[in-house]
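> what shape does this take:
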Amino acid sequence: MTLVSKLARLAAAAVIFAAVPALAQNQPGGLAPTPQADSPPLGGPVDGNPAQPGPGIPRDDILDVMVRRALLTFNDANISGNYNILSTFLHPDFRQQVPPARFAEIFKAFRDNKIDIAPLLAHKTVYSESPSIDADGLLHAKGQLETRPWRTTFDLAWRRQGDRWWLWKINVRVRPPEQ
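Coordinates of the predicted model:
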């Protein structure tokens with residue numbers, strides 16, 4: 001085979017290769033079109049994160065994430081016995097006052113009873129009081145997870161420093177149905 005015939009075959013293959021996507025997208029069940037540089041990405045436009053909450057009470061969805069994150073971090077610390085994890089989410093002033101070893105003492109009953117609240121976090125959060133910010137600037141969230149027959153309640157507070165809410169208080173109770 002001569003060089004010219006090899007080049008001709010290569011050119012024909014390139015034309016066929018280039019035409020396949022165009023043909024396939026016109027066929028029912030064919031391939032999806034390739035997005036152009038100026039078109040939005042597949043799946044729609046990508047928006048940035050929502051604006052950071054101001055000094056007031058965070059939006060409901062943000063507050064729900066804050067509650068679940070605090071409870072899940074609390075749970076991870078109890079399951080692992082490593083309260084350094086929980087300590088990293090505490091307000092720096094609170095962290096200085098209460099070392100991780102003190103949390104190990106406070107939440108010993110959770111470890112001894114092998115209480116794992118992670119599966120409970122799939123349940124809806126219901127506030128027993130409207131979330132509020134008190135005169136000291138603490139954001140309070142008090143309520144329960146809709147769990148039955150066991151009752152899981154929480155009383156949480158955060159203190160804002162800069163553009164971040166830091167955990168200031170955590171009180172979690174898991175009660176059997178008869179209590």
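> and R175, how far is that from R95?
29 Å (CB to CB, to the nearest Å). (Each C-beta comes from the backbone N, C-alpha and C, glycine too.)
> between these two, which has more neighbouring residues?
R95 (16 against 13; other CB atoms under 10 Å).
> got the contact list for the more buried one?
Counting by CB atoms under 8 Å, 6 or more residues apart in numbering, R95 makes contact with S87.
> quick check: which element contains it?
Using DSSP states H and E, R95 sits in helix 92-97.
> right, and the helix or strand after that helix?
helix 100-106.
> who's in contact with that following helix?
Here helix 100-106 has contacts from A77, G81, N82, Y83, N84, L86, S87, R111, using CB under 8 Å, 6+ apart.
> 7 Å instead, please
A77, G81, Y83, N84, L86, S87 (CB atoms under 7 Å, 6 or more residues apart in numbering).
> just the buried residues of it, please?
P100, F103, A104 (16 or more other CB atoms under 10 Å).
> what of stretch 68-84?
A70, L71, T73, F74, N75, A77, N78, I79, Y83.
> can you list those in JSON lines and add distance to L121 and secondary structure?
Formatted as JSON lines, the buried residues of stretch 68-84 follow (distance: CB to CB, whole Å; DSSP: H, G, I helix; E, B strand; the rest coil):
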{"residue": "A70", "distance to L121": "11", "secondary structure": "helix"}
{"residue": "L71", "distance to L121": "6", "secondary structure": "helix"}
{"residue": "T73", "distance to L121": "11", "secondary structure": "helix"}
{"residue": "F74", "distance to L121": "11", "secondary structure": "helix"}
{"residue": "N75", "distance to L121": "8", "secondary structure": "helix"}
{"residue": "A77", "distance to L121": "15", "secondary structure": "helix"}
{"residue": "N78", "distance to L121": "13", "secondary structure": "helix"}
{"residue": "I79", "distance to L121": "13", "secondary structure": "helix"}
{"residue": "Y83", "distance to L121": "19", "secondary structure": "coil"}
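> just curious, which of the contacts of helix 100-106 is nearest to P119?
The nearest member of the contacts of helix 100-106 to P119, counting by CB to CB, is A77 at 16.8 Å.
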